[in-house]
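[1] let me see the structure of the following:
(chains A and B)
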Amino acid sequence: AQRVTQPEKLLSVFKGAPVELKCNYSYSGSPELFWYVQYSRQRLQLLLRHISRESIKGFTADLNKGETSFHLKKPFAQEEDSAMYYCALKTPPFNSGAGSYQLTFGKGTKLSVIP
Amino acid sequence: KAGVTQTPRYLIKTRGQQVTLSCSPISGHRSVSWYQQTPGQGLQFLFEYFSETQRNKGNFPGRFSGRQFSNSRSEMNVSTLELGDSALYLCASSLTGTVNTEAFFGQGTRLTVV
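    The predicted model follows:
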């Protein structure tokens, strides 16, 4: 079965310091990975996806199939980056032909940027 | 355009009761998924509906059920509530629910079972 692991529940960094949020996955198929973010009192929203290979709000994430990782990085943390971050793996259902996908989430990492 | 809307935002029920939660997807979105979020288990997939059909189901007991209407609005029902059902229930909508389509989440319904 698929699994997503975020080893850190809480990560505290100083403003301006680099930040790396770790995510490892377990999946036998071809993975499609995402990072979602939830700011205080706001809804869960997509931050970035590995397919796009984009940088959003200064964050990047590279899929490393050899290490089965999808770590989220930012060179200089800002106070407004403080939030809950969830790594998610999109997979098809076990029954074939259903046509839909589901998201398997890690338990999340709370990033706290200290001014 | 309006985002995903979930009602009610908060709900308190007693054990043994049943509850119905509602989700209105973004206009034009035909796929609606439901997730349960708890401090211990995190976000867990419940089920997904597309064009009024359940296409995918997570590992939850039969007390959890749902449906989708022709306008893509979805409801989730939990019968015979247990204390452990206390959670934030999130709904997500997407155009088709397939690869490369982004899921947009609602604010959630906070269910407390006493």
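
[2] all contacts plus neighbour counts: C-alpha atoms, from now on.
    Will do.

[3] quick one: contacts for residue A:74?
    A:18-20, A:58-60 (Cα atoms under 8 Å, 6 or more residues apart in numbering or on different chains).

[4] in contact with the closest residue to it other than its chain neighbours, which residues are there?
    Nearest residue to residue A:74 in three dimensions, chain neighbours excluded: residue A:59, at 4.7 Å (Cα to Cα, 6 or more residues apart in numbering or on different chains). Contact analysis of residue A:59 by Cα under 8 Å, 6+ apart lists A:72-74.

[5] out of the residues you listed, who's nearest chain B?
    Of all these, chain B sits closest to residue A:72, with 18.6 Å by Cα to the nearest Cα.

[6] ok, that closest one touching residue A:24?
    No. Contact criterion Cα atoms under 8 Å: residue A:72 and residue A:24 do not qualify, at 10.9 Å.

[7] which helices and strands does the lowest-mean-pLDDT helix or strand in chain B pack with?
    When the helices and strands of chain B are scored by mean pLDDT, DSSP states H and E, strand B:53-57 comes last with a mean of 88. Applying 3 or more Cα pairs under 8 Å, 6 or more residues apart in numbering or on different chains; DSSP states H and E, one finds that strand B:53-57 contacts strand B:42-50, strand B:64-68.

[8] what's next to whatever helix or strand comes next after the shortest one, contact-wise?
    What that stands for is strand B:64-68. Per DSSP states H and E, strand B:64-68 leads on to strand B:74-78 as the next helix or strand towards the C-terminus. Taking contacts as Cα under 8 Å, 6+ apart, the residues outside strand B:74-78 that touch it are B:18-25, B:32, B:34, B:49, B:63-68.

[9] now with 6 Å, please.
    If you take Cα atoms under 6 Å, 6 or more residues apart in numbering or on different chains as the criterion, strand B:74-78 is touched by B:18-23, B:63-68.

[10] given the helix or strand just after it, what are its sheet partners and their directions?
    Per DSSP H and E, strand B:74-78 leads on to strand B:87-94 as the next helix or strand towards the C-terminus. Using DSSP bridges, strand B:87-94 pairs in its sheet with strand B:31-38 (antiparallel), strand B:104-105 (antiparallel), strand B:109-113 (antiparallel).

[11] take the ones you listed and write them to a markdown table, including mean neighbour count and mean pLDDT.
    Converted to a markdown table, the strands paired with strand B:87-94 look like this (neighbours: other Cα atoms under 10 Å in any protein chain shown; pLDDT from 0 to 100):
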| stretch | mean neighbour count | mean pLDDT |
| --- | --- | --- |
| strand B:31-38 | 25 | 94 |
| strand B:104-105 | 23 | 94 |
| strand B:109-113 | 20 | 98 |
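
[12] now do the helix or strand bottoming out on mean pLDDT in chain A: distance to the chain's middle.
    None of the helices or strands of chain A scores lower by mean pLDDT, DSSP H and E than strand A:102-105, at a mean of 88. Strand A:102-105 sits 11 Å away from the centroid of its parent chain (Cα atoms, centre = their mean, to the nearest Å).

[13] which SSE is immediately downstream of that strand?
    By DSSP H and E, the next helix or strand past strand A:102-105 is strand A:109-114.

[14] what about that next one, distance to the chain center?
    Here the centre of strand A:109-114 is set off from its chain's centre by 14 Å, with Cα atoms, centre = their mean.
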